[in-house]
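> Any chance you could fold what I've pasted below:
(one chain, ligands or ions: 1)
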Amino acid sequence: MRDHVASRTSVFNESVIREMTRLAMLHGAMNLAQGYPDFPAPEFIKEAAIEAINGDINQYAITWGSLRLRQAIAAKTKRFAGLDLDPDREVTVTCGATEAMMCAMLATVEAGDEIIVFEPFYENYVPDAAMSGAKLVFVTLSSEDFSFDPAQLRAAFSPRTRAIIVNTPNNPSGKVFTRAELQQIAELCQEFDTLCITDEIYEHILYDHHEHVSIATLPGMYERTITISGLSKTFSVTGWRLGYLLAPPHLTNALRKVHDFLTVGAPAPLQEAAAVAIERADSYYPELRDMYGHKRGILLNALREAGFRCHQPQGAYYIMADFSDLGFEGDDTAFAHHLIEKVGVAPVPGSSFYSGHGGDKLVRFTFSKSESTLLEAARRLAAM
Ligand code: GLN
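Reported below is the predicted structural model:
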């Protein structure tokens, strides 16, 4: 008998991040692996969802998103990025940023096209590229400060390049791309006539003086950029599956066709709640920053005291930690398993964010957890 499995599924594996969550549960470890909050979402968004269900908003929304939500997203994008978007032609609501990225690739990439991605990268980009038939070309960020070498970036571009993926603030590195770096990327996109697909799901989670810049706002970029964001991280509702795509009308047409036949649409009552939340959130964003700034401090201290060398994140809610000084013999996967089983704290092995042999002395921890979870993890790390 044939195995009846399509070859496209053989070029990627199950999510390592979610595997670590399963292992954490199995061994009773504090789950600092998967990036989702273990604390409640803000009251105002929960109440809005309850109201929406009680108000009988329970059938399909318009496939590209309820008008109120698209208007709220457009208004917020105007306030924060200064971009004037038409909610009817340039905003599409999806089932999470995950669907948005898959949709972006399926709508724009031909089989055999190349897509440039910086590594370390978020693990989804590999299966997304495989399922759309694209080949990824990696540009490795410096292990010192996650900067890129402009010459290496230029060398990655060619007539075969269809798109570059930018993710800022970055998962897993915590890097926030500067305006000058984005400018260099933008110039190459224009010189080689490529698209930019930018994943900005952590746009409101920033530290110190770091500032979020959307590449779509740089001169000459709006027409060639697909911007992805969503509600999951900002409002601590990763299970609601609400993301969105911002793109000029000709790209939005293609994105909406793909989205329609992938999922029809995101959950209607939750879209209503999302609209209410975004309309009211301007005073909430600074609170979110402060909350995560505090959590970052707790985990950074705990990891440094335990002997890890850590990159201090500029944004998002992950810490890449180097365990070279801890005297552990094995690689990152062996170390992650050791930490889960013997110490009771679950990270993600660093190699899941690299294409080749990178990351074998790194593990990623998330601090998107309650203070009690982080303090218990700190206690266990201190006892290590
Ligand atoms: N984005 C989160 C992370 O990187 C969650 C990943 C997932 O399970 N989709 O950990």
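
> now the strands for the stretch 101-250 of the chain?
Along the stretch 101-250 of the chain, the segments classed as strands by DSSP state E, counting those that start in this stretch run 114-119, 135-140, 161-167, 195-199, 225-230, 243-246.

> mind giving me TSV with these and columns for mean pLDDT, mean neighbour count and distance to the ligand?
Placement of C-beta: from N, CA and C, glycine included. As requested, the strands of the stretch 101-250 of the chain are arranged in TSV below (pLDDT from 0 to 100; neighbours: other C-beta atoms under 10 Å; distance: least, C-beta to the nearest ligand atom, whole Å):
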stretch	mean pLDDT	mean neighbour count	distance to the ligand
strand 114-119	98	22	15
strand 135-140	97	17	18
strand 161-167	98	23	10
strand 195-199	98	25	10
strand 225-230	98	27	11
strand 243-246	98	27	11
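
> Can you give me the pLDDT of the residue of the stretch 101-250 of the chain found nearest the ligand?
Residue nearest to the ligand within the stretch 101-250 of the chain (C-beta to the nearest ligand atom): residue 171, separated by 5.1 Å. With respect to pLDDT, residue 171 scores 98.

> Same check on residue 13?
87.

> what do you get for the one 5 residues further on?
pLDDT recorded at residue 18 is 94.

> Also the one 10 residues further on?
The score at residue 28 is 97. That number is its pLDDT.

> Now for it: which residues touch it?
residue 344 (C-beta atoms under 8 Å, 6 or more residues apart in numbering).

> Look up how far the ligand lies from it.
Residue 28 sits 20 Å away from the ligand, going by C-beta to the nearest ligand atom, to the nearest Å.

> Alongside the ligand, which residues does the stretch 51-200 of the chain contribute?
Contact residues (C-beta under 6 Å from any ligand atom) of the stretch 51-200 of the chain with the ligand: residue 171.

> all helices of the stretch 51-200 of the chain, in order?
67-81, 96-108, 125-132, 150-156, 179-191 (DSSP state H, counting those that start in this stretch).

> Could you list the buried residues of the shortest one?
The one in question is helix 150-156. 153, 156 (16 or more other C-beta atoms under 10 Å).

> Keeping just the C-alphas, turn it into CSV.
The C-alpha trace of helix 150-156 is given here as CSV (Å, rounded to 0.1, in the frame of the first residue of the first chain):
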residue,chain,number,x,y,z
PRO,A,150,24.6,44.5,5.0
ALA,A,151,26.9,42.8,2.5
GLN,A,152,25.6,39.4,3.4
LEU,A,153,22.0,40.6,3.2
ARG,A,154,22.7,42.1,-0.3
ALA,A,155,24.2,38.8,-1.4
ALA,A,156,21.1,36.9,-0.4
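
> that older thread, list the contacts for the nearest residue to the residue of the stretch 101-250 of the chain closest to the ligand once chain neighbours are set aside?
Using C-beta to C-beta, 6 or more residues apart in numbering and skipping residues adjacent in sequence, the residue nearest residue 171 is residue 122, 4.8 Å away. Counting by C-beta under 8 Å, 6+ apart, residue 122 touches 167, 171-172, 199, 353.
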